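1. take this sequence and fold it.
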Amino acid sequence: MIGILFLGVSSGHSQTQVSDTILNLITTSRASNALWAVQVRDGSGKVIESYNADKIIRPASNLKLISSGAYLDILGPEFRFSTKLYGHGMQSDSIWTGDLVVEGSGDPSIDGTFYEDDPLFLFEKWTEILKRKGIKKINGNLVGYDGLFDDVPYPEGWEWSDLSFYYAPEISALSFNSNVVDLEVIADGPVGSIPDIQWFPFNTPYVEFVNEQQITPRGTEYDESYRRVLGTNVIILRSTLPQGYYETEPLSVLEPAYYFMDTFQRYLERSGIEVTGQIFIDKNYYLDQSGMALLDDHRSEPLHKLIQWMNRESDNFYTEMFLKKTVAEVYGVQGSTELGLQMLKDYMREMGFDTTLVSLRDASGMAPATLLKAEDFNQYLLKVKEKDYFSYLYESLSVGGVNGTLSHRFRNSTVHGNFYGKTGFVSGVRALSGYLDTNSGQELIVSIFTNNYTARTSHVDLIHQRILEYLYSEY
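-> Predicted coordinates for the structure are as follows:
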């Protein structure tokens, strides 16, 4: 028989109940002084476990389960981004006199994820189109249209120390390679020397690396230190790496629309097509298409496939790009985080959230000031099952011990292969929510939030696992 502890009645809420086992796991853990919130429902929607579920918590990347539901609801699972290449001029023999214009659509997937890991695939395609026309020289400029989104590069509340890294790049309607350069560090020299570096694409001079790293003796620990000087594309490297160590790190760039066009130009020239003009970024909202010939219209994979990547890999960049794109599609104005979050709140209200208790600073959950009530979140996971797009949302979840951000968890656990969910992590916050198939064949709806902990994250993960294992065996 399951022991249930009744903790009293909160005004306006059903009786709070939690099993002795879950309570003991929390109160005897090394994170017992953190804020824990747990809620579990059975397939009928009945609350069977609840602890601090009426508390306001930081959801971290569990928020993406709400954001992705909103995108699927508003844009539709089959929505595709359309990035267009125009020619503004005319061809004479092998010379194109005039400009090439790229119209950014907010597509986050011009990064190789869906194109055999080749982020240059679109530039290759466009170069081949020009070559088939016999063009060997562009006697004009390369113009990138970046006006679909506003010029605010980050959501409010992202911490400055994150902005050098791949998980917090600038948001731009014209983006390439997730707006990062991919650094490789090879520590194959003598102890005390500076390791060799190279980076994708083309060791581009678009960024400047200040390499102050040092090789240390074998067996010493790797100590990472990367920092982009804010407002510049100067990246300072100060890591120490043991001899023989190999490291890769995606690092963000400033002005990603220019980065897109600069890489396009370099690809053209490496492929034998000379460009005599300059690169310009047009941020005016209205794109003048008069006199322009459409050379290519690149369509992304459907939204539900992009959502699958977004949730399984917990991709902040995809999440925030979708937010601004949704605004542009629905309202016909420049996409902005501010309008997007209002739209997201409207969706949350429709899905049963008390939005007077919701604070949103981003759509991805990385901002510490993004807050909501734990039980509203768990109820959402029940209600969204009624939606016709739920199958796509469910498909986007990571499977415990199998793929995505859960691929390395629950390996030797009864939960392995039986939990379909989403992780969440920012400093001091660990979250885990989703759907658990139990030993008896039930499906439980589970939300576990740990906020304000100072113990090791691995220990918090272990407690989360023990809670899931208990639920798996007891229900």
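
2. quick one: secondary structure of F264?
-> Here F264 is helix, with the state taken from DSSP: H, G, I helix; E, B strand; the rest coil.

3. quick check: domain ranges of this protein?
-> 4-76+305-474, 80-301 (automatic domain parsing).

4. just want the most central residue of the chain.
-> Closest residue to the average C-alpha location of the chain: D315 at 1.7 Å, with Cα atoms, centre = their mean.

5. L393 contacts S67, doesn't it?
-> No. Between L393 and S67 there is no contact under Cβ atoms under 8 Å: 10.6 Å. Yep, even glycine has a C-beta here, placed from its N, CA and C like the rest.

6. who has more neighbours, those two?
-> Shown here are L393 and S67; by other Cβ atoms under 10 Å, S67 has more neighbours (29 against 24).

7. list the contacts of the more buried one.
-> By Cβ atoms under 8 Å, 6 or more residues apart in numbering, S67 lies in contact with 319, 322-323, 344, 363-364.

8. in what helix or strand does it lie?
-> Assessed by DSSP states H and E, S67 sits inside helix 64-75.

9. in the longest helix seen in the chain, which residues are buried?
-> Ranked by residue count under DSSP state H, the longest helix found in the chain is helix 457-474. Residues of helix 457-474 classed as buried: 460-472, 474 (neighbour count, 16 or more other Cβ atoms under 10 Å).

10. then stretch 255-274?
-> In stretch 255-274, counting by 16+ other Cβ under 10 Å, buried: 255-268, 273.

11. got a ChimeraX select line for the buried ones in the contacts of S67?
-> In ChimeraX, a selection of the buried entries from these looks like this (16+ other Cβ under 10 Å):
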select :319,322,323,344,363,364
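
12. would you list the contacts of S67 in TSV and tack on pLDDT, distance to Y435 and secondary structure?
-> Converted to TSV, the contacts of S67 look like this (pLDDT from 0 to 100; distance: Cβ to Cβ, whole Å; DSSP: H, G, I helix; E, B strand; the rest coil):
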residue	pLDDT	distance to Y435	secondary structure
T319	98	21	helix
F322	98	23	helix
L323	98	25	helix
L344	98	22	helix
A363	98	22	coil
S364	98	21	coil
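
13. so where's the stretch 251-400 of the chain shaky on pLDDT?
-> 285-288 (pLDDT under 70).

14. please enumerate the strands of it.
-> Remark: strands assigned in the stretch 251-400 of the chain by DSSP state E, counting those that start in this stretch are 274-275, 279-282, 293-299, 372-373, 398-399.

15. just how off-centre is the third one within its chain?
-> Put plainly, it is strand 293-299. 27 Å (Cα atoms, centre = their mean, to the nearest Å).

16. ok, now the first one?
-> The offset between the C-alpha centroid of strand 274-275 and the centroid of the whole chain comes to 35 Å, using Cα atoms, centre = their mean.

17. sorry, back to before: got the contact list for the residue nearest to the centre of the chain?
-> By Cβ under 8 Å, 6+ apart, the contact set of D315 is 108, 178, 309.

18. quick one: it and Q278, what's the gap?
-> Using Cβ to Cβ, to the nearest Å, one obtains 33 Å as the distance from D315 to Q278.

19. V229 too?
-> Applying Cβ to Cβ to V229 and Q278 gives a distance of 25 Å.

20. about what we covered before: out of the contacts of S67, which is nearest to K283?
-> If you rank those by distance to K283 using Cβ to Cβ, L323 comes first, at 19.0 Å.

21. any idea how many residues pack against S50?
-> By other Cβ under 10 Å, neighbour count at S50 equals 25.

22. quick one: mean pLDDT over the helix or strand harbouring it.
-> Using DSSP H and E, the element containing S50 is strand 47-51. Here strand 47-51 scores 97 as its mean pLDDT.

23. stretch 447-465 now?
-> 98.

24. measure it end to end?
-> End-to-end distance for stretch 447-465, by Cα to Cα, to the nearest Å: 12 Å.

25. what's downstream of the longest strand seen in the chain, the next helix or strand?
-> For the chain, the longest strand by residue count, based on DSSP state E, is strand 82-92. Helices and strands here follow DSSP H and E; after strand 82-92, the next one along the chain is strand 95-103.

26. now do that following strand against strand 82-92: the angle between them, please.
-> 170 degrees (axes from the mean of the first three to the mean of the last three Cα atoms, to 10 degrees).

27. what is the following helix or strand past strand 95-103 packed up against?
-> Per DSSP H and E, the first helix or strand lying C-terminal to strand 95-103 is helix 121-132. Packing contacts for helix 121-132, counted by 3 or more Cβ pairs under 8 Å, 6 or more residues apart in numbering; DSSP states H and E, involve strand 82-92, helix 256-270, strand 293-299.
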